[in-house]
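1. no sequence for this one, just the structure:
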DNA sequence: ATCATTGTACTAAGCGCTTAATACAATAGT
DNA sequence: ACTATTGTATTAAGCGCTTAGTACAATGAT
């Protein structure tokens, strides 16, 4: 299983983002052990050096702790994980609205597009109603 | 005025995206002339070669036409522009929902976050209501 | 015809990312 | 004590992006 990595951005960055997501989404539980650099590199289909770099960054971000010869663990500080999760979400929301704004879409239209996509993508229907106050 | 360009991704890619947005958002009208490679490069604070590469890509995308010694114009095919605008928006919406899903956010929460951000960012209030059918 | 402006092409250099190969350091397990 | 596993460091090479510098081609303007 080699991961989906494009060549447009540094691979180590993409790995950081992926692992970050898996951690804050609870896919990797707090305190759980992560695979070794070599194993993870094998799994991702990248060079160990590259995976090492990604791990170093994750540690710098406070999401991972390192123990020599034991390997790495997801941090047990759930607050840190939650904080990161919220920040990532916040960034996503802001960037999304910003970009849609740049494309010249009104709030109404954004809402419509979100509705349309939600309906297509999942069984759950989200009804979004806009209050026309001003523009 | 040098543009906001980060070093995480190729500069020419970022320039393509920026000009693409400006075109589909109508900031650069269909048929209007674009600055020369050299001038645009100067304005963006990049090497002419880099700007050249971005322009070449924009031409390949069908958003720009080239005339020797006259320079470049935004395409006059408004259909093409509209099509691109819709595709870019579609991608934004899909990616956004996908990423929020990866972060483990329910639709309800996404809606809440959007509401919160909308209210902060603009005077206009968007009221979003969800129908709880299933999950 | 001449000139300036435009797009385009080419080479060389530097830099960051990635890979490859190797080696060393620390420690849990035996 | 020994061994395997882990993280870590180092060097060299290749590749793509970017810059710099230069040159050529096409054409509108004069």
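-> The structure has been received and is ready for your questions. In this text, all values refer to a predicted model and were calculated from it rather than measured experimentally.

2. check contacts around residue A:59.
-> By C-beta atoms under 8 Å, 6 or more residues apart in numbering or on different chains, residue A:59 lies in contact with A:65, A:66, A:72. C-beta: built from backbone N, CA, C; applies to glycine.

3. show the pLDDT at it.
-> What the model reports for residue A:59 is a pLDDT of 96.

4. off-centre distance for the strand or helix carrying it?
-> Under the criterion DSSP states H and E, the helix or strand holding residue A:59 is helix A:48-60. Remark: helix A:48-60 is offset 16 Å from the chain centroid, using C-alpha atoms, centre = their mean, to the nearest Å.

5. now do the buried residues in stretch A:31-45.
-> Residues of stretch A:31-45 classed as buried: A:34, A:37, A:40, A:41, A:44 (neighbour count, 16 or more other C-beta atoms under 10 Å in any protein chain shown).

6. what's the answer for stretch A:91-102, then?
-> A:92, A:93, A:96, A:97, A:99, A:100, A:102.

7. please, which helix or strand holds the most centrally placed residue in chain A?
-> Nearest residue to the geometric centre of chain A (C-alpha atoms, centre = their mean): residue A:21, 3.4 Å. Here residue A:21 is covered by helix A:11-24, with elements defined by DSSP H and E.

8. so, in contact with DNA strand D or not, that helix?
-> No. Contact of helix A:11-24 with DNA strand D (C-beta under 7 Å from any atom of the strand) is absent, the minimum separation being 10.9 Å.

9. gap between that helix and the chain center?
-> With C-alpha atoms, centre = their mean as the basis, helix A:11-24 stands 6 Å off its chain's centre.

10. where does pLDDT dip in chain A?
-> A:1, A:120-135 (pLDDT under 70).

11. for it, which residues are neighbours of DNA strand C?
-> Checking chain A against DNA strand C by C-beta under 7 Å from any atom of the strand, the hits are A:10-13, A:45-50, A:53, A:67-70.

12. tell me the helix or strand right after the lengthiest helix in chain A.
-> Across chain A, the helix with the greatest residue count (assigned by DSSP state H) is helix A:78-102. Tracing the chain past helix A:78-102, the next element assigned as helix or strand by DSSP H and E is helix A:107-121.
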